[in-house]
Structure formats: structure tokens, C-alpha cells
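Undergrad: need coordinates for the below:
(chains A, B and C)
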Amino acid sequence: MSLSLVGLALASEGESEGFHAPSPEEFYWPIFGSGDWTFTRPMLMMALSVLILGVLLVTLTKKAAIVPGKGQWMVEQAYDFVRNGIARDIIGSKDFLKYTPLLFSLFTLILLNNLFGIIPPIQYPTMSRIGFPIALTLIVYAVYHIAGMRRKGVGHYLSGMIPKGLPKPIYALIIPLEYATYFIIRPLTLALRLFGNMFAGHMLLLLFIMGGEYMLLHGGPGLKVVSVGSFLMALIFTAFEALIQFLQAYIFTLLAATYISDAISEEH
Amino acid sequence: MSGPLPGEKEGGDERGPTPLERKDAGHPGQTTPPMWDALSYVLAGPLLFGGVAYLLDRWVGTSWLVLPGVLIGMAVSLYTVWVRYGRQ
Amino acid sequence: MHLTGLAPLVTFVAETEGTAGGDPVAGRTPILPLWGELIFGIIAFAILYWVVAKKVVPNLEKAYAARAAAIEGGMAQAEEAQAAADAAKAQYEAQLKDARTEASKIREDARVQGTQIVNEMRGQAQAEATRITDAAHRQIEAERSQAAASLRGEVGRLSTDLASKIVGESLHDEARQKGIVDRFLAELESGDLKPQKVES
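TA: Numbers count the residues shown, from 1 in each chain, chains lettered A, B, ... in the order given. Sure, this is the predicted structure:
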């Protein structure tokens, strides 16, 4: 909210002096090709993140030592966090091991790609391109629905989504709402939450940095002073972004685990 | 928790649980989704019922159904959130 | 969190609908995906998932299992050592007790045996003493009867001699024939004969 107000204010002020507030087009970074099949910079970053994670994780855990070295210990901290803190606690002892690789992959991939948003010289969160959150959401969506249907059978799986023991007339309203939630809104919010946070965060940083730069180069003495504040804000929000980036990776993984647990749990 | 552990068939082989399996046992899993997920319900009601009301508006030719639709949707959403999260 | 994300988003949906850059996809609403990126994302995740599921997680789980087993094993080993020590102590104590029992049994046996030996010896000595006494008695008896026999013969002969000298003829043969002396001695022994003055 504050973002769009500031953005509008700066835009309207800057219009006469030629300042352009950052627009969504700033997020489109083609490298080669055109149209829907353009190879873009976020794709390169995604490939890079898979390469980094793959090489790092495999080399650091290759020894599988009982007494871990520093590298293995660090991987184990992250793995512990996902395995015991998310998968085991939410899915439960019985089934969590099967889904741990999925959740660990999700968490590490999202976290690294989010952190790209503040790591120089990349400074661009991959997940601010909605194609990537949608890709991950589709995978989670397929996994939990298929797991639920295989565990309970299609009929039981669908009827299990509706809470039992409510007054009869209410079901006319509840049933469409539950199905809309399970099949449409949940994946939508899952993807949009991640995308929105990364998009807005990056936008905010762009705004402060570009605004500061413009004021410093083109503004009068008063604006030059203000530009210092703008850069300072960029710095503060960078630290804030780091927190958001971690939190969003955590929430995405947590919700994926919750949906899986919900789909395969017996009671409801 | 006394059910079979992962990778162990009920009444199958007679081996006891490994130390790791014993350590992992006893986590029942969480049946109530975390609060993050309540957002899905809060959005689902207004979107669904508002959407239906909008389609009805266009079909019947009226233009006042969307607001009550959204309101009903919010009410149903809040009720569902209460059922899911607040009732235990 | 998400709301701060969604609010400007709505603005941008409205703002950017009409914009068209060099490439039409450049100005696409940010909430509509570039299909290439979506597909690329799925493939990238699939690759990472494969690596994690096939290489990373099995290794980590192996380390976890080994660690849990090591800790548990260490505890089991300590318990085992404790049990072994307890067993050894129990065995030692049992042996000690056995030894004590045995020693006292031996002492008891010795005592019993000693008594027995003493009794036996005593019995033997007694028997020997009795035997010697008996033999002595028998010998004395034999000597006495022998002496008596010879005395009787002697007395007979003396009396016959005496009588012969008085009578003047040998009475030996007749005395022997008639057993007079013997009868006399027998009467003398039994006390039937009263000493009397010899008449005439």
C-alpha cells in the first residue's frame, strides 16, 4: 500500500523532470529469443541455482560422516529444519520420509532463488517472475492430490474435504466453498503469496535505489539530502527483504507439507 | 503411536525398529492447517460467491447482486474458518 | 505480508495492460506467466529433486541412522559392560561362598573323621586289651590246671609211698587199680572227708 503511494508521489513529482517509477517491465530481462519461448535472465538464474545446489549438496554430503565436517553440518542444519521441523511435525512419523526430498528441494530452491534478490551482482529474485512460483505450485498441487486419491480413493478423498457434523442447510454453501478452496484458491494463494512478496520486495528496493539515484544526480541540494535517506531506506529494506525471503521459502514449504498431510490424513 | 514405521510392513519381518526409526516415532502429524492457510478460505468465499453473483447479474440483467454475493461469501468464509480453526 | 504484495500488483495489472514494448511479452501482466519460464521452472525443479532424492537425502539419512545407531550402540555397549561386570561380581561372590562352604565342610568332615578314627582306635585298643587279658587268663588257667594235675599225681604218689612204707609193701599198683587216691582227693576237695585221728 505504502509502496504504491510513494511510487505515485515520486512518479507525479518526477514526471516533469523525467523520473520513471520502476514498472513491471523492469522484470523482463530477455537474453535471446522472443515471445513465450524467450530465454530470460531469471531462467539463467534458476539454472544456476539448481547447479549450485546440486553440486554443493552432493559434495558436502558425499561422505555421510557420523561426525560431520563443517560443510556437512551446515547442510544438516537445513535438512534438519525441513525434515524434523516441517515434514515430521506436520506429516507425522508414518509418512514423512517419502515427502522429505520434495520438501527439502522446495525449501532450498526457493530460498536460494529468493536470496538472489539481495545477493550482488544478481540482485533479482527469481520468484518475482510468476512462471516459477506457478511451476512449483503445480508440482505440489499434483503431489498432494494424487497422494490423497491414492491413499483414500477418489470418492473418499473428495468427501473427506467437507467438515462433518454441521447443520444440514449450511452444506449448500460450504460444499462449493470447500471445493473452491481446495482446488482453486489454495494453489492460487500459494503461488501468488510467494510471487507477490518477491515482486513487491524487489519493486520496493528498485524504487528506493532508482529514486535515490535520480535525486542525487538530477535533484537540487534539498533532494540530494533526501537521496541519502532513500539509499538508507534501500539498505534497511534489503535487510528486511532477507527476512521475508527466508520466511516465504519457509511458508511455501510449510504449506506444501500441510496440504500433503491434509490429503493423506485419515480423520477430518 | 504404535502403527508400523516407514518401510516396515505390518506383521511382516520380525526386525525391531532401527534407532533412527525409534527416534522419529511418536509424531502424530498435524491435522489443523497453520494460520497461513486461513487466507485461502478468507479469499475463497468472496471470490466464489461474488463471482457467482456477477454471473447471475449478467444473466438476469441486474447490477446489484455482486455486493450481497461478496458479503455472503465473506460470512461463509468466516464460518468455515471458525469450523476449521476455532471449533476444537 | 502477501497483502503488500497484492496491492501494487492490482495497480500494475491496470497500468500495464496496454503497454507494449518491443516484444509483446515484455508488457504482459506480471501475474500471467511467461510459458517458457513456467516449463523451465518445472524442469529445473525436477532435476534438483532427482539429485536430492537420489544422492543427498539417502546420504544424510545414512549418516543419521549411523549416528543414532552409534549413540544407541554406545549406550548398549555400556550396558553390556555393566552387565558383564555384574555377572563377574556375582560369579566371584558365588565362588567365594562355595569356597567357604567347602572349607567348613572339609573342617566338619575332618572333625567327624577324627572322632571316628579315635573311636576306632579306642575300640581296637579295647579289643586288643581284652584279647590279651583273655589270653593271660587262659594261660593262667591252663597252668593252674596243669599244676593241679601234676600236684594231684605227686600227692597220690607221696601218699602211696608213705602208705607203702607204713604197710611195708608196695601199694602202687593196687592204688592205681582202684583209684583210691583220686577218690580220696575228690572227697577231700568236696569236703566230704573230715580230718580224723588215725585209729590204731
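Undergrad: mind checking the pLDDT average for the strand or helix carrying C:Leu162?
TA: Assigned by DSSP states H and E, C:Leu162 falls within helix C:57-167. Averaging pLDDT along helix C:57-167 yields 89.
Undergrad: quick one: list the elements packing against that helix.
TA: helix A:41-61, helix A:70-80, helix A:96-115, helix B:19-24, helix C:172-178, helix C:180-190 (3 or more CB pairs under 8 Å, 6 or more residues apart in numbering or on different chains; DSSP states H and E). (C-beta placed from N, C-alpha, C; glycine too.)
Undergrad: which stretches of chain A form strands?
TA: A:30-32, A:39-40 (DSSP state E).
Undergrad: turn these into TSV, including mean pLDDT, distance to C:Thr101 and mean neighbour count.
TA: Formatted as TSV, those follow (pLDDT from 0 to 100; distance: least, CB to CB, whole Å; neighbours: other CB atoms under 10 Å in any protein chain shown):
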stretch	mean pLDDT	distance to C:Thr101	mean neighbour count
strand A:30-32	83	96	12
strand A:39-40	90	94	18
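Undergrad: for the ones you listed, which one sits closest to A:Gly131?
TA: Shortest distance between A:Gly131 and those, using CB to CB, is found for strand A:39-40: 9.1 Å.
Undergrad: given that closest one, what are its sheet partners and their directions?
TA: If you go by DSSP bridges, strand A:39-40 pairs up with strand A:30-32 (antiparallel).
Undergrad: re the thing from before, please identify the most buried of the helices and strands packed on helix C:57-167.
TA: helix A:96-115 (a mean of 24; mean count of other CB atoms under 10 Å in any protein chain shown).
Undergrad: what distance separates it from the centre of its chain?
TA: The chain centre lies 11 Å from the centre of helix A:96-115; the measure is CA atoms, centre = their mean, to the nearest Å.
Undergrad: stretch B:73-83 now?
TA: 12 Å.
Undergrad: any part of that stretch near chain C?
TA: No. Figure legend: stretch B:73-83 not in contact with chain C (CB under 8 Å from any CB of the partner chain); closest approach 15.9 Å.
Undergrad: show me what counts as buried in that stretch.
TA: Buried residues in stretch B:73-83, counting neighbours by 16 or more other CB atoms under 10 Å in any protein chain shown, are found at B:73, B:76-77, B:79-81, B:83.
Undergrad: least confident pick among these?
TA: Among the buried residues of stretch B:73-83, B:Val83 has the lowest pLDDT, at 85.
Undergrad: which residues touch it?
TA: Going by CB atoms under 8 Å, 6 or more residues apart in numbering or on different chains, B:Val83 touches A:163, A:166, A:174.
Undergrad: rerun that using 10 Å as the cut-off
TA: Residues near B:Val83 by CB atoms under 10 Å, 6 or more residues apart in numbering or on different chains: A:163, A:165-166, A:170, A:174, A:178, B:41.
Undergrad: next one: it from A:Gly165, what distance?
TA: Look at B:Val83 and A:Gly165: by CB to CB, to the nearest Å, they are 9 Å apart.
Undergrad: run a quick neighbour tally on the residue of the stretch 1-150 of chain A found nearest chain B.
TA: The stretch 1-150 of chain A approaches chain B most closely through A:Gly92 (2.4 Å), counting by CB to the nearest CB. Other residues near A:Gly92 come to 21 when the count uses other CB atoms under 10 Å in any protein chain shown.
Undergrad: what residues are up against the closest residue to it other than its chain neighbours?
TA: Closest residue to A:Gly92 apart from its sequence neighbours, by CB to CB, 6 or more residues apart in numbering or on different chains: B:Gly29 at 2.4 Å. By CB under 10 Å, 6+ apart, the contact list for B:Gly29 reads A:87-96, A:257, A:260-262, A:264-266, B:1.
Undergrad: circling back to that earlier point, can you redo the strands of chain A as CSV with distance to A:Lys152?
TA: Below are the strands of chain A laid out as CSV (distance: least, CB to CB, whole Å):
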stretch, distance to A:Lys152
strand A:30-32, 46
strand A:39-40, 41
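Undergrad: residues touching the residue lying closest to B:Ile72 once chain neighbours are set aside, list them.
TA: If you skip the residues right next to it in sequence, B:Ile72 has B:Phe49 as its closest partner in space, 5.0 Å away by CB to CB, 6+ apart. Residues in contact with B:Phe49 (CB under 10 Å, 6+ apart) are A:173, A:176-177, A:180, B:65-66, B:68-77.
Undergrad: for B:Phe49, pull up the helix or strand it's in.
TA: helix B:38-60.
Undergrad: got phi/psi on A:Asp95?
TA: Here is the backbone geometry of A:Asp95 (degrees, to the nearest 10): phi -120, psi 0.
Undergrad: hang on, it packs against A:Ala147?
TA: Yes. Using CB atoms under 10 Å, A:Asp95 is in contact with A:Ala147, at 8.6 Å.
Undergrad: quick revisit: distance check, the residue of the stretch 1-150 of chain A closest to chain B against A:Gly54.
TA: For A:Gly92, the distance to A:Gly54 (CB to CB) stands at 29 Å.
Undergrad: then C:Tyr92?
TA: 61 Å.
Undergrad: now do C:Ser104
TA: For C:Ser104 relative to A:Gly54 (CB to CB), the value is 79 Å.
Undergrad: export the helices and strands packed on helix C:57-167 to CSV and tack on mean pLDDT and distance to C:Ile71?
TA: Listed next are the helices and strands packed on helix C:57-167 as CSV, based on pLDDT from 0 to 100; distance: least, CB to CB, whole Å:
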stretch, mean pLDDT, distance to C:Ile71
helix A:41-61, 94, 20
helix A:70-80, 92, 15
helix A:96-115, 95, 20
helix B:19-24, 81, 7
helix C:172-178, 69, 129
helix C:180-190, 76, 118
